[in-house]
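**Q** predicted model, plus sequence, below.
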Amino acid sequence: MKLIQGFNYLFGKTFNKKNFYLSASLLYLQRKRNIDRNYMDYIRLSTLELIAAEINEKRISGTVAELGVYKGKFARYINLYFPDRKFYLFDTFKGFEKKDVQSEIEHTYSSGTQDFSNTSVKAVLNIMPFPNQCIVKEGYFPDTAKDVNEEFVFVSIDADLYDPIYNGLQYFFSRLKKGGYIFIHDYNNDAYKGAKEAVEKFCDENGLVRLPLPDSCGTAIIGK
C-alpha cells in the first residue's frame, strides 16, 4: 500500500490526466484468483471473475452467452470462468449490419464507421480454452436466436449500437435466471451514445437499476 501511495504521490497527476489510476484491489480476499495480467481492462475482467465465482459457488444453473464477440478477447474469459456451461456466441462475424448503422446515423448516436469485419469463427474458437462448450450463432441477432431454448445465468452484450443492444436486453433479460447478470459494454462510452440510451430505456421500461463500472469503456451491469 505504501508503494502505491508513493507512486500516486509522485506520478498520479500525470497518469490521471490520461485516465490511468493505480489502486489496491481486494486486499482481504484470501481465495486464489485467476486474472490475466495481460488483459488491459482489469476492472471489467476482475468483475467478471467475481461474478462467475459467485454464480458457480451458488450452483445457479443456466447457460452463458455473448452478443457481439468480434475476435473473442473477452469471450475467452467467459469460457474460462464458466468451463462447464454451454456458451453461445452471437455475432455476424462480418461487422455491423447496415440497417443498424443507418439507425445510428439517423439518431446521431454514432457514425457506425468502425470496422469489425476482420474476424472469423475459426479464429475465435482457436482462442477458446473450452471450445467444445461453444455454440456459434453466426448472423443477424435476434434472428439467430429463434431456435435457442435456454435460460441464461450470465450474458455479455458488446454490440456497440443502439438497436442490437436494446434487442439483446429484451431477449436475454426475460430468459435470465434469478441470481444472473448481464454486462453491457460501452454504457459510458461517448463514441457510442446509443448504448446508454438503449440501457436507460430498457431499465426505465422494466423498473430496473443498472450499476455503472469505471472500466475502460464504461460497462453497466443489470442483475436479476
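**A** Noted; the coordinates are in hand. Numbering: from 1, shown residues only.

**Q** what does stretch 170-179 contact?
**A** The contact list for stretch 170-179 (CB atoms under 8 Å, 6 or more residues apart in numbering) reads 55, 58, 60-62, 65, 67, 141-142, 145, 150-153, 155, 157, 182, 202, 206, 208, 222-224. Backbone N, C-alpha and C define where each C-beta goes, glycine included.

**Q** which of these fall within strands?
**A** 65, 67, 152, 153, 155, 157, 182, 222, 223 (DSSP state E).

**Q** how many neighbouring residues does the residue lying closest to the fourth one once chain neighbours are set aside have?
**A** By that I understand residue 153. Of all residues not flanking residue 153 in the chain, residue 62 sits nearest, at 3.1 Å (CB to CB, 6 or more residues apart in numbering). Number of residues near residue 62 (other CB atoms under 10 Å) recorded here: 21.

**Q** all helices of this structure, in order?
**A** Taking DSSP state H as the criterion, the chain carries its helices at 2-17, 42-57, 75-81, 98-106, 121-126, 162-173, 193-206.

**Q** the fourth one versus helix 162-173: what angle between them?
**A** Between helix 98-106 and helix 162-173, the angle comes out at 120 degrees (axes from the mean of the first three to the mean of the last three CA atoms, to 10 degrees).

**Q** find the centremost residue of this protein, please.
**A** Centroid-nearest residue in the chain: residue 156, 3.7 Å away (criterion: CA atoms, centre = their mean).

**Q** mind listing the residues bridging to that residue?
**A** residue 66, residue 183 (DSSP bridges).

**Q** check contacts around it.
**A** Residue 156 neighbours (CB under 8 Å, 6+ apart): 65, 66, 67, 68, 74, 75, 78, 182, 183, 185.

**Q** hmm, try it at 7 Å
**A** 66, 74, 78, 183 (CB atoms under 7 Å, 6 or more residues apart in numbering).

**Q** could you dump those to a markdown table with neighbour count?
**A** Output for the contacts of residue 156, formatted as a markdown table (neighbours: other CB atoms under 10 Å):
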| residue | neighbour count |
| --- | --- |
| 66 | 25 |
| 74 | 21 |
| 78 | 24 |
| 183 | 23 |
